[in-house]
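Participant: the amino acid sequence is not available; the structure is as follows:
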């Protein structure tokens, strides 16, 4: 039962990460505004959650590595005023 939950959580994370990569392809960066949605999904909230988990030390290192390889900004300041 626990393994099923983890599989679903990983699948959801992977789907949101794929949306982040799509956003980066379109916008040229990974700094998503908090209220941004992508394909009806709250990508901005997801990005904010990754930053919070990183600060708290609860983000899995493999996920942090994938985000960093994609060019993720942990402080999120670059596009804070971006209207795109």
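Facilitator: That came through, no problem. In this text, all values refer to a predicted model and were calculated from it rather than measured experimentally.
Participant: which non-adjacent residue is nearest residue 36?
Facilitator: Residue nearest to residue 36 in three dimensions, not counting chain neighbours: residue 44, with 3.8 Å by Cβ to Cβ, 6 or more residues apart in numbering. Glycine gets a C-beta too; all of them are placed from N, C-alpha and C.
Participant: the one you found touches residue 30, doesn't it?
Facilitator: No - Residue 44 is beyond contact range of residue 30, at 11.5 Å (criterion: Cβ atoms under 8 Å).
Participant: you'd agree residue 33 is up against residue 42?
Facilitator: No - counting by Cβ under 8 Å, residue 33 stays clear of residue 42, with 11.2 Å between them.
Participant: from the chain's centroid, how far away is the helix or strand containing the residue nearest to residue 36?
Facilitator: In this structure, residue 44 sits in helix 43-56 according to DSSP states H and E. Its chain's average C-alpha position is 7 Å from that of helix 43-56, according to Cα atoms, centre = their mean, to the nearest Å.
Participant: packing partners for the helix or strand just after that helix?
Facilitator: Later in the chain than helix 43-56, the nearest helix or strand by DSSP H and E is helix 61-69. The helices and strands touching helix 61-69, judged by 3 or more Cβ pairs under 8 Å, 6 or more residues apart in numbering; DSSP states H and E, are helix 2-27, helix 43-56.
Participant: least confident of these, on average?
Facilitator: Note on these: lowest mean pLDDT is at helix 2-27, with a mean of 85.
Participant: helices or strands up against that one?
Facilitator: Using 3+ Cβ pairs under 8 Å, 6+ apart, helix 2-27 sits against helix 43-56, helix 61-69.
Participant: buried residues, that helix. List them.
Facilitator: Going by neighbour count (16 or more other Cβ atoms under 10 Å), the buried part of helix 2-27 is 16-17, 19-20, 23-24.
Participant: and which of these is nearest residue 61?
Facilitator: In terms of Cβ to Cβ, no member of these lies closer to residue 61 than residue 17, at 14.7 Å.
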